[in-house]
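Asker: Okay, structure incoming, though there's no sequence with it:
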């Protein structure tokens, strides 16, 4: 097979024009269907549906209350999907509650007109704080096949690169690996054990969806890369403290600080520009 | 107030309501379970029974010692050597009194057979009978024991499964035991479950033996450390399963491959039999760690078909630890209870109660629905044995679930390191060297066992703390028997690397019962595989005779029915493995009935 033939599917993929608003919903739908059909990754369709329904209903109701009109539900759809996959519980209600809290957070915690937390990240962390005896977070494998894992990373990164956010994933992964090496030096555990989580689905979802959420990422590439690095940095300490869901906690802390800090910095800079006396 | 402020307040209120839901639910549950009664008679009046720890009074001082595995596994040895404490009930000398056998595991430690003297005294007679010193480097470490009369000579024989050599001991008239040499078993397997069954109904009991670690792994002398599961959910490198067909001459032949029981290499932790589709042949249910559970339907003694996925039971992979059957709704149908792992905030698999959806016609693929959540028996913890028994003899099967993995240094936790590795890819998880050192940390330890009382209306309620049955040891095996001959079921709980606990059960004297001790004549003499249907109070209740259930457990052979305040029974129907159906009209209550299978001429 020639190299031209190999590159054809990639070229074809690049030519596909998908409206940016549909990329997230399509990608997450494809992953959910593939993962469930192959590995039964969902706890059950009814639980997944509960998360989806709760997200959509909460979004519709709160948007109507706050803005006074109905809104596009694609972001609620993504949050519902994420909650449906990430929450693990024998009960139905944690799926619905996590999705509802995720969506509600967007209407409560706002700064200069924008929400500051990735909704699902917020929902998951709050659920871990208030309902940890009834739920956990997806932390195990989708099969044991290396190629399935590689395929998800490759397709995920390709799609994320279409919205120009692949740099966030790459920076985070490289930072994580670097910190994993330092951790292995400190704890004495093998480096392989430290990077093991990267090969699991929780991280695939975390890296491909949560830290790349366009609404809660910075605009500049440098800013995005610094934030991705900082998430891995804060996670490093949570991991030393043996927090199982370290990445979620790290994003929960770093995400809003980055957004608020950058906004304030920008405003301060703009204010300085405005107040600067005009040069002759 | 401005309209914007009203809107904001409404949204904040909705948010606060949402986040307070779990808190409200917790408070409600605490309120419902807050009745703490001190007085025994009050407890019996409220719950219908009371449990008293009588281990010391009985003179039972057995302490399980875990096996010491190869030093290459020293860093994770508590989780590797986390099994081996088992309890099995037997009347080994046919005196009508229930005795019990406990396995130990460390090389040099002894197993124990506690003989029931009928006056509340139990004495360990294993050494004089020749079945104590069974944990030796050359043979392996005991993991469990099952009892049945394999040669139909009137006495129950003993099969020991080990991480090592499985061995059958013939019972010589209740006086001594002799190892059956050259019986046809392999020299080495890593088995954690076995169950007796007569798979082809030829009147001779066969043995199903389930492998956990791969059979070429010697945990006491490892060649390499690539012996861990290759996936946390989809492991394909477990031990083989075996079906040893009894040839009737003291030998057994493995027919597992030809009957379709070696299609997978799952990590089987528990097995048990019942006739799921009323075909007259015993079907097999397997609880598998690191994967899906399996149901093998017996094709009339010729082969087995795995219908696990088609039936709904074998779709979502969990950590199956125990299999038991119970007619929890008194509908004449057996539900299947399988324990898994639930650890707050880390892993919430939930236990499964698979309730049959169809009528169980033999031509249909069975179909099950998990109703554990609906009935309130879903959240155990790190579960091992889940055992159905009617604690208060009210006619509704209750449930006792053993919990707890490794109780080591208090206030420490290994979960973080565990979660880190099990989420990893095959090449990482499979090598024990990659697993972080446990450093004497607790791993889902100090967990309370659950005692769920069935209210008869479709809900179970946890009452362990209220009835004297609270226990926070690393429990593994749970067996029940009427040890004191008073018509109530007492409890034996074997604990890993800890002392055994025995609870005497004091039941409301107004609650009636009836039990049936079956003896096969055409069927195997132990009547393993027989189905008993009791018709009473416009209900139909099903029990089956098994020899090996839950996690490495075996309870008393006589089938027991609580009747509550109902004082008469319409009839009992016994479906013998031979195909004979025997009906006894109006058996007396509060009695154990000895029923012999009618012979060909009778």
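Answerer: Happy to help now that I have it. Computed from a prediction, not measured in an experiment: that's the story for all the values here.
Asker: how much space between residue A:166 and chain B?
Answerer: Look at residue A:166 and chain B: by CB to the nearest CB, to the nearest Å, they are 22 Å apart. The way it works is simple: take the backbone N, C-alpha and C, and place the C-beta from them, glycine included.
Asker: May I have the secondary structure class of the closest residue to that residue other than its chain neighbours?
Answerer: Leaving aside its sequence neighbours, residue A:166 sits nearest to residue A:160 (CB to CB, 6 or more residues apart in numbering or on different chains; 4.9 Å). The three-state assignment at residue A:160 reads helix, by DSSP: H, G, I helix; E, B strand; the rest coil.
Asker: what's around residue A:160, how many residues?
Answerer: Residue A:160 has 22 neighbours, counted by other CB atoms under 10 Å in any protein chain shown.
Asker: surely it meets residue A:213?
Answerer: No. Applying CB atoms under 8 Å as the test, residue A:160 and residue A:213 come out as separate, 11.1 Å apart.
Asker: tell me, which helix in chain A spans the most residues?
Answerer: When chain A is scanned for its longest helix (criterion: DSSP state H), the result is helix A:246-275.
Asker: Can you name every helix or strand that it contacts?
Answerer: Packing contacts for helix A:246-275, counted by 3 or more CB pairs under 8 Å, 6 or more residues apart in numbering or on different chains; DSSP states H and E, involve strand A:110-111, helix A:119-130, helix A:221-240.
Asker: what sits against residue B:524?
Answerer: Each residue near residue B:524 by CB atoms under 8 Å, 6 or more residues apart in numbering or on different chains is listed here: B:148-149, B:152, B:198, B:203-205, B:577.
Asker: Turn these into CSV, columns for neighbour count.
Answerer: Shown next, in CSV, are the contacts of residue B:524 (neighbours: other CB atoms under 10 Å in any protein chain shown):
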residue, neighbour count
B:148, 28
B:149, 24
B:152, 18
B:198, 26
B:203, 17
B:204, 18
B:205, 28
B:577, 28
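Asker: of those, closest to chain A?
Answerer: Each of the contacts of residue B:524 was scored against chain A by CB to the nearest CB, and residue B:198 proved nearest at 34.3 Å.
Asker: So what does the closest one have for phi and psi?
Answerer: Dihedral pair for residue B:198: phi -110, psi 90, per degrees, to the nearest 10.
Asker: residues near the closest residue to residue A:198 other than its chain neighbours, how many?
Answerer: Distances taken as CB to CB, 6+ apart put residue A:176 closest to residue A:198, at 6.3 Å, once the chain neighbours are dropped. By other CB under 10 Å, the residues close to residue A:176 number 26.
Asker: repeat for residue A:272
Answerer: Look at residue A:272: counted by other CB under 10 Å, it has 9 neighbours.
Asker: separation between it and residue A:265?
Answerer: Look at residue A:272 and residue A:265: by CB to CB, to the nearest Å, they are 11 Å apart.
Asker: Let me know the angle separating the longest helix of chain A from helix A:119-130.
Answerer: Interaxial angle, helix A:246-275 versus helix A:119-130 (axes from the mean of the first three to the mean of the last three CA atoms, to 10 degrees): 130 degrees.
Asker: can you give me how far helix A:246-275 is from the chain middle?
Answerer: Centroid separation for helix A:246-275 versus its chain: 18 Å, with CA atoms, centre = their mean, to the nearest Å.
Asker: Counting neighbours, show which residues of stretch B:308-325 come out buried.
Answerer: B:308, B:311-314, B:316-325 (16 or more other CB atoms under 10 Å in any protein chain shown).
Asker: Check those residues one by one and keep those near chain A.
Answerer: Near chain A, judged by CB under 8 Å from any CB of the partner chain, the entries from the buried residues of stretch B:308-325 are B:316-317.
Asker: Among the buried residues of stretch B:308-325, which ones are in helices?
Answerer: Counted as lying in helices by DSSP H, out of these, are B:308, B:311.
Asker: Of the buried residues of stretch B:308-325, which is the nearest to residue B:383?
Answerer: residue B:321 (5.5 Å; CB to CB).
Asker: ok, now how distant is that closest one from residue B:347?
Answerer: Residue B:321 is 13 Å from residue B:347, where distance means CB to CB.
Asker: Need the residues touching each of those two.
Answerer: With CB under 8 Å, 6+ apart as the test, residue B:321 and residue B:347 both reach residue B:341.
Asker: what about chain B, any weak spots by pLDDT?
Answerer: For chain B, applying pLDDT under 70 flags the ranges B:1, B:359-363, B:600-602.
Asker: longest helix of it?
Answerer: Counting by DSSP H, the longest helix found in chain B is helix B:3-32.
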